[in-house]
Each structure stands twice: as structure tokens, then as C-alpha cells.
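Trainee: Take a look and give me a structure for this.
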Amino acid sequence: MATRKITITVPEELVESIKERVDARGVSAYIAAAAAHQDEMDRLRELAERLEEEHGPVTDGEYQAALDRISAVDAWHDERQSQSDQAA
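Mentor: Below you'll find the model as predicted:
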């Protein structure tokens, strides 16, 4: 991926906090990853807004069904991981 150097203004305390976690060359990568994450979240929010306009808002029942499904998948994954750990 092509890169471009830009200038940004960041609170000094934030820069120092980041530098405690990464070396000097890693600051750009750290900030780029944070910006990429925010861009993904913005795109997801835009998609959710478009879907809500087209299909209406998610009902409480639909929301709960999604949470239940996520819990079931997590439990399945945890069980498989546990079996894999026991086999090793």
C-alpha cells in the first residue's frame, strides 16, 4: 500500500503514552492503525444507517437474537479450543 507523509497535531500526553508502548519508528504505524480502525467504524456506521433507512430499525427481539447467536458461537469456539488444548 502506498503511503504519504502528513502532519497532524496530537496532544503531547498522547504522544508520550504511545511512545511508551512502541519505539520511535512505530508511532506512525500505531497512529495509522488507529486511523484505519476509526475509518472502518465510520464505514460500518454508514452501512448501518443505510440499512436502517431501507429496512427499518432493528427490533429488541432481533437484537437479542443476534446477541444469543454470538454467545452460541463463542461457546462453540471455546469448547473447540478446550478440546484442542486437552488433545495437545
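Trainee: unless I'm mixing things up, residue 30 is touching residue 22, no?
Mentor: Yes: in terms of CB atoms under 8 Å, residue 30 counts as a neighbour of residue 22; the distance is 5.2 Å. C-beta coordinates here come from the backbone N, C-alpha and C atoms, glycine included.
Trainee: shared neighbours, the two?
Mentor: Counting by CB atoms under 8 Å, 6 or more residues apart in numbering, residue 30 and residue 22 have no contacts in common.
Trainee: helices or strands up against the lengthiest helix in the chain?
Mentor: If you go by DSSP state H, the chain has its longest helix at helix 26-55. Applying 3 or more CB pairs under 8 Å, 6 or more residues apart in numbering; DSSP states H and E, we find helix 26-55 packed against helix 12-21.
Trainee: Compute the inter-axis angle for the helix it packs on and helix 26-55.
Mentor: On the basis of axes from the mean of the first three to the mean of the last three CA atoms, to 10 degrees, helix 12-21 is oriented at 110 degrees to helix 26-55.
Trainee: Start the count at 17 instead of 1 going forward.
Mentor: Renumbered: residue one is now 17, and that last one reads helix 28-37.
Trainee: Show me what helix 28-37 is packed up against.
Mentor: For helix 28-37, the packing partners by 3+ CB pairs under 8 Å, 6+ apart are helix 42-71.
Trainee: Of all the residues in the helix or strand just after the helix it packs on, which ones are buried?
Mentor: Per DSSP states H and E, the first helix or strand lying C-terminal to helix 42-71 is helix 76-103. When burial is assessed from 16 or more other CB atoms under 10 Å, helix 76-103 yields no buried residues.
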